[in-house]
Every structure is written in structure tokens, then in C-alpha cells.
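> Give me the fold of what follows.
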Amino acid sequence: MGWFDQETKDGGAAPATAPQTRQRTATPPPADSGRGSSTIGQRVQINGTVVSDEDLEIVGKVEGTIHTRKGLRVAREADVKAVINGTEVLVEGTVKGDINASQKLVLGATAVLTGNIKTPSLEIRDGAFFRGQVVMQMPEKAAAKPRAEAKVETKPTAPAPSVPNASGDPAKPEGEGRKGTAPSAKPVDASKPAGVTGA
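As a prediction, the model looks like this:
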């Protein structure tokens with residue numbers, strides 16, 4: 001069976017044709033991108049610590065700790081019992097353990113996660129199972145920016161010059177040491193109506 005085993009209507013062998021390229025064909029990353037990928041296959045089981053500086057896809061079994069500085073995909077067939085530390089994490093399989101995604105965490109429709117989550121961005125799709133606690137964090141870019149502090153410059157004010165009064169003593173500010181100097185009020189004659197002046 002396959003591309004070269006097709007038969008024509010009259011029973012003869014069909015001419016061999018080259019397979020056509022499909023859009024889903026994987027293309028290697030550009031040489032200058034520095035972003036490769038690795039896969040832990042379905043028949044691979046790892047016990048211990050996994051550290052990756054490139055995109056990582058897990059299809060097999062991993063027990064222990066996973067550290068990725070790029071994207072991580074836990075495939076539908078995967079069985080992971082580990083603490084995961086990554087940037088962008090997509091879970092489509094079974095994970096038992098805490099996940100710390102510094103940028104984004106997506107739980108696919110077939111995901112089964114038992115553990116706590118720390119991430120600034122969380123997406124849980126219909127059908128996903130999750131049991132644990134979620135701590136939403138501030139995005140790294142916003143947290144990394146130092147807060148601008150407003151600086152207010154204050155200049156010392158010179159004291160007002162003292163002006164001597166009629167007696168030669170320096171004048172004092174209002175309300176300071178001027179007891180009994182308020183002008184005297186004229187007595188009011190209660191027999192006259194208010195506003196009337198004269199004899």
C-alpha cells in the first residue's frame with residue numbers, strides 16, 4: 001500500500017507519481033533564528049531532570065523536573081509526573097505536578113493536570129481537566145520595568161526681612177507677640193437703629 005501501489009480502472013499498475021508537498025510539512029527554522037526543537041518519543045522514559053534550551057515536545061514518559069527556556073508541548077500521549085518550569089507551555093496530555101510558565105500556559109481539550117499553576121497568562125480550553133490552585137503573576141516585562149519616581153526639588157525660602165516699626169523695634173509676623181494691639185472698636189449705642197448716624 002502507499003503512493004506507489006495504486007491501480008488503474010483496467011487493472012494495470014498506475015504510473016508512479018511523486019507525493020505532493022502539503023502545507024503541514026515541517027520546515028526547518030532559519031539558520032540565524034537559533035530556535036531548534038527536540039522530542040522525547042513515545043517509547044522513551046526519563047527519570048530525573050530535563051533541561052532544554054530549545055523547543056521541547058514530550059510524547060513519552062518523564063518523571064522528575066523539567067526546565068525549558070523555550071516552548072514546551074506535552075502531547076496527548078504523554079505521561080508526565082514532574083515539576084515544570086518553562087516560558088510557554090502547552091499541555092494536551094497528562095501531567096501530575098506543578099507548572100510555572102513565565103509567559104503563558106494553555107491547557108488543551110485533552111489535558112489532565114493535577115497540580116498548582118503560576119503564570120501571567122492562562123487559557124483552559126473546553127474539555128480540559130484541572131485540579132489545583134492558580135496564582136496569576138505579573139508579566140515579566142512589566143515587572144522588570146523600574147517604577148519612575150517623581151522627584152520634586154524644593155528650594156529653601158529666605159525669611160522675610162524685618163521692617164522696624166514706629167518705635168524702632170523690628171516688626172513681628174502677624175499673630176506673633178502682638179497681644180492687645182488690635183484696634184479698639186467704637187461703643188455701639190443700642191438706642192439707635194443700625195445704619196443710622198448723627199445726633
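
> Quick check: the spatially closest residue to Val135 that is not a sequence neighbour vs Met136, distance?
Nearest residue to Val135, sequence neighbours excluded (C-beta to C-beta, 6 or more residues apart in numbering): Lys118, at 4.7 Å. Yep, even glycine has a C-beta here, placed from its N, CA and C like the rest. The gap separating Lys118 from Met136 is 8 Å, by C-beta to C-beta, to the nearest Å.

> Those two: which has the busier surroundings?
Lys118 (17 against 10; other C-beta atoms under 10 Å).

> so how far is Lys104 from the more buried one?
In terms of C-beta to C-beta, Lys118 sits 12 Å off from Lys104.

> Show me the common contact partners of those two, please.
Between them, Lys118 and Lys104 share no contacting residue under C-beta atoms under 8 Å, 6 or more residues apart in numbering.

> In this protein, where is pLDDT below threshold?
Low-confidence segments of the chain (pLDDT under 70): 1-35, 140-199.

> all strands of it, in order?
Remark: strands assigned in the chain by DSSP state E are 37-40, 45-52, 55-58, 61-68, 71-74, 79-91, 94-96, 99-107, 112-114, 117-119, 122-124, 129-131, 134-136.

> Just say which of those is most tucked in.
strand 71-74 (a mean of 24; mean count of other C-beta atoms under 10 Å).

> who's in contact with it?
With C-beta under 8 Å, 6+ apart as the criterion, strand 71-74 contacts 52, 55-58, 66, 80, 84, 86-93, 95, 111.

> That one - which strands sit beside it in the sheet, and in what orientation?
Strand 71-74 has the following strand partners under DSSP bridges: strand 55-58 (parallel), strand 79-91 (parallel).

> Run through the residues that contact the residue nearest to Met136 when sequence neighbours are not counted.
The shortest distance from Met136 to any non-neighbouring residue, by C-beta to C-beta, 6+ apart, is to Pro120 (6.6 Å). Contacts here follow C-beta under 8 Å, 6+ apart; on that basis Pro120 touches Ser102, Gln103, Lys104, Met136, Gln137, Met138, Pro139, Glu140.
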